[in-house]
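# sharing a model that was predicted from the sequence below.
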Amino acid sequence: MIVAGLGAATALGKRHTTSVAASRAGIRAATQHASMVDQRGAPVVTAPARWLHDDLAGIDRWVALARPAAAEAVTMGQGVLRRLGRPALVLGLPDDRPGRPQGLDDAIVTTVLQAIPQDVRPTAVEMVRTGSSASTMALQAAWDLLQRGDARCVLVGGVDSLIDADAVEWLDEHDVLHHPATAWGVVPAEAAGFVLLVADPEGRGPADRVAVRILATGSSSQAVEHPPTIRTGHDLTAAFHHALAPLGPQQTVGRVLCDMAGDPFMADEYGFSVMRCAERFEDASRLCTPGDRWGHVGAAAGVLLLAVAYSGWHRGYEHVEHQLSWTGSWAGHRSAALLHLPSGQEPSRWA
């Protein structure tokens, strides 16, 4: 699959370019909440999108995040939409949890449709509700649609907001908020990310093949225990094996982008998984975790990791040809995507 358009709205900016640039510069969006305290009596640290009005709450906040991100991706990929017509729409959203507004699915779909010109608005919509793995698993759903020929292009999105009091309380109950006693915990944040994908244009000229590609995806799911216990990462290993399958004998992953979702044992899973397929990694310790800067973005994480990889290639400061992004959810979903970023070449019109 070729990346034809990208859009993002995070606590660091309402475009994917500004969000990634701020993250790369080390700017952190975390701030102490004015009134909320955790179960230890300490002020809760969150990462809200400060460019949104403070009074904006509930489903209106989710919509305000989705709108600019979808519009940015569609604008960037408008040439593809004119050529290929109506895309399918695949949305990654959180599963049923505190802080998830009623009527969320319909509200986000309506918002996205309004961001797309009427003559190319999607007619098919698919929802993926798997928590922090949702938008990575939505990439896999897009892959399946394109492989079957059910769509010529797919708009994939992920939207989440965890700064609502109910969501923060839920995170606190599970003891996963960032705190000196839980340094691995998350800073609740909010974000939306969208990417327009097209099938790899086999048979086109060499210039058309200078683009960022998703070579493969993989996922696996199994319920996990909470509070967490030792886990050996078999599901993450399975996701890695599927995603890494296209690599040739001499090809390796040079960079890993991930979101461990505040699960202290997910690092163990990663370590075990890397041991099982060590020959596929050039340096498995080279990790990029942008959630350290823009906070825990839940269902939006997968697309935002893709935006980080894309921006590094497009701006010319990251020269790693094969990169692996992966996400995991508290419910036990594990998903990964293998990215190919051509080295030493200028971006093409597909990018």
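Perfect, thanks for sending it.
# parallel or antiparallel, which strands does the least confident helix or strand in the chain by mean pLDDT pair with?
Of all helical and strand segments in the chain, the minimum by mean pLDDT, DSSP states H and E falls on strand 31-37, at a mean of 86. Looking at strand 31-37 with DSSP bridges, its partner strands are strand 43-46 (antiparallel).
# what's the helix or strand just after the partner strand packed up against?
Counting by DSSP states H and E, the next helix or strand C-terminal to strand 43-46 is helix 59-76. Using 3 or more Cβ pairs under 8 Å, 6 or more residues apart in numbering; DSSP states H and E, the elements in contact with helix 59-76 are strand 2-9, helix 104-115, strand 153-161, strand 190-198. (Each C-beta comes from the backbone N, C-alpha and C, glycine too.)
# for the first one, list every residue counted as buried.
Think strand 2-9. Under the neighbour-count criterion of 16 or more other Cβ atoms under 10 Å, strand 2-9 has 2-9 buried.
# what's the burial count for C258?
Neighbour count for C258, taken as other Cβ atoms under 10 Å: 21.
# does it count as helix, strand or coil?
Following DSSP: H, G, I helix; E, B strand; the rest coil, C258 is assigned to strand.
# surely it meets S325?
Yes - the pair C258 / S325 is scored as a contact, 6.9 Å apart, by Cβ atoms under 8 Å.
# give me the common contacts of those two.
Shared contacts of C258 and S325 (Cβ atoms under 8 Å, 6 or more residues apart in numbering): L305.
# so what's the residue nearest the centre of the chain up against?
Nearest to the geometric centre of the chain sits G302, at 1.8 Å (Cα atoms, centre = their mean). G302 sits next to 92, 133-139, 158, 193, 259, 325, 327, 335, 337 when contact means Cβ under 8 Å, 6+ apart.
# from the residues you listed, which land in helices?
Counted as lying in helices by DSSP state H, out of these, are 134-139.
# go through the least confident helix or strand of the chain and flag the buried ones.
By neighbour count on 16+ other Cβ under 10 Å, the buried set for strand 31-37 is 33, 36.
# which residues are contacting that strand?
Strand 31-37 is contacted by residues 43-48, 165, 168 when judged by Cβ under 8 Å, 6+ apart.
# do the same with stretch 82-91
Here stretch 82-91 makes contact (Cβ under 8 Å, 6+ apart) with 81, 105, 108-109, 112-113, 116, 120-128, 138, 141-142, 145, 150-159, 196, 198.
# once you drop chain neighbours, what's closest to the residue nearest to the centre of the chain?
T136 (3.1 Å; Cβ to Cβ, 6 or more residues apart in numbering).
# burial of the one you found, as a residue count?
The burial count for T136: 35, using other Cβ under 10 Å.
# quick check, it in contact with S335.
Yes - at 3.9 Å, T136 counts as touching S335 under the criterion of Cβ under 8 Å.
# overlap in contacts of those two?
What both T136 and S335 touch, as defined by Cβ under 8 Å, 6+ apart, is the set 217, 219, 302, 326-327.
# now the residues you listed in JSON lines, with pLDDT?
Below are the shared contacts of T136 and S335 laid out as JSON lines (pLDDT from 0 to 100):
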{"residue": "T217", "pLDDT": "97"}
{"residue": "S219", "pLDDT": "95"}
{"residue": "G302", "pLDDT": "97"}
{"residue": "W326", "pLDDT": "97"}
{"residue": "T327", "pLDDT": "96"}
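# thanks again, I'm all set now.
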